[in-house]
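the amino acid sequence is not available; the structure is as follows:
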């Protein structure tokens with residue numbers, strides 16, 4: 001029997017999430033430098049009168065205070081724009097999956113395979129087993145192959161929902177009458193948990209998402225069993 005590793009934290013499980021974490025650390029370092037510099041200058045302004053006169057008077061300091069923030073914004077904007085491009089890029093997906101949000105469960109359709117669709121409901125606490133996660137596990141998981149480009153088409157049947165899995169860096173709205181799409185790429189096997197991130201009604205907290213990542217070989221076996 002295969003052993004699955006549940007991914008409950010924000011540890012990256014996809015190349016996109018790795019880039020998001022890198023961008024977060026990159027921006028945090030810039031903010032740390034700015035905070036340290038401004039704090040040091042504030043102390044100098046309070047206790048050093050000569051520095052006070054230098055920082056408050058003269059055209060040179062005005063030029064420096066204009067150029068430094070502009071350069072800082074450039075160093076933040078370039079990786080940010082690259083990430084936005086990677087999120088929106090859709091290149092040769094191996095399979096397409098359609099997810100439909102309902103009050104309060106998810107439906108899935110594997111568009112590349114005939115008659116393969118199912119509903120995914122939360123497992124109630126009274127029916128859960130020892131290996132189930134409370135209020136996070138579902139009766140039918142979304143099975144996908146790892147090391148493969150997956151395209152997810154998301155919509156809703158009633159109100160606005162949000163299909164979200166933090167460890168994959170995925171968050172996309174499910175809007176009635178509109179078909180949104182996002183791609184993802186899993187680089188390891190495991191169980192990846194998420195939840196609806198849009199307040200969609202009384203049972204908003206009870207429509208979790210579970211993606212099960214397996215090898216392409218076992219994925220084809222799973223497809224044959226379902227068909």
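Cool, got the structure. All figures in this text were calculated on a predicted structure; none of them were measured in a lab.

going forward, measure contacts between C-alpha atoms and count neighbours the same way
Will do.

and residue 85, how many neighbours?
By the measure other C-alpha atoms under 10 Å, the count of residues near residue 85 is 11.

how near is it to residue 209?
Residue 85 sits 26 Å away from residue 209, going by C-alpha to C-alpha, to the nearest Å.

same deal with residue 221?
Taking C-alpha to C-alpha, one finds residue 221 at 22 Å from residue 209.

neighbour count winner among those two?
residue 209 (25 against 10).

now the more buried one, what's its secondary structure?
Following DSSP: H, G, I helix; E, B strand; the rest coil, we place residue 209 in the strand state.

domain parsing for the chain?
Using automatic domain parsing, the domain parsing of the chain gives 15-88, 95-226.

first to last residue in the longest one, what's the distance?
Looking back up the chat, that one is domain 95-226. Where domain 95-226 starts and where it finishes are 16 Å apart, if you go by C-alpha to C-alpha.

tell me how far that domain is from the chain's mean position?
With C-alpha atoms, centre = their mean, to the nearest Å as the basis, domain 95-226 stands 13 Å off its chain's centre.

for the first one, same thing?
If you compare the mean C-alpha spot of domain 15-88 with that of the full chain, they lie 26 Å apart, counting by C-alpha atoms, centre = their mean.

for the record, mean pLDDT for it?
The pLDDT scores in domain 15-88 average 82.

in the longest helix seen in the chain, which residues are buried?
Secondary structure of the chain per DSSP state H: the longest helix is helix 15-47. Of all the residues in helix 15-47, those buried under the rule 16 or more other C-alpha atoms under 10 Å are 16, 17, 18, 19, 20, 23, 27, 41, 45.

okay, those residues in JSON lines with distance to residue 125 next?
Listed next are those as JSON lines, based on distance: C-alpha to C-alpha, whole Å:
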{"residue": "16", "distance to residue 125": "33"}
{"residue": "17", "distance to residue 125": "31"}
{"residue": "18", "distance to residue 125": "33"}
{"residue": "19", "distance to residue 125": "36"}
{"residue": "20", "distance to residue 125": "34"}
{"residue": "23", "distance to residue 125": "38"}
{"residue": "27", "distance to residue 125": "41"}
{"residue": "41", "distance to residue 125": "56"}
{"residue": "45", "distance to residue 125": "60"}
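
farthest-separated two in those?
Greatest spatial distance in the buried residues of helix 15-47: 16 and 45, 43.4 Å, computed using C-alpha to C-alpha.
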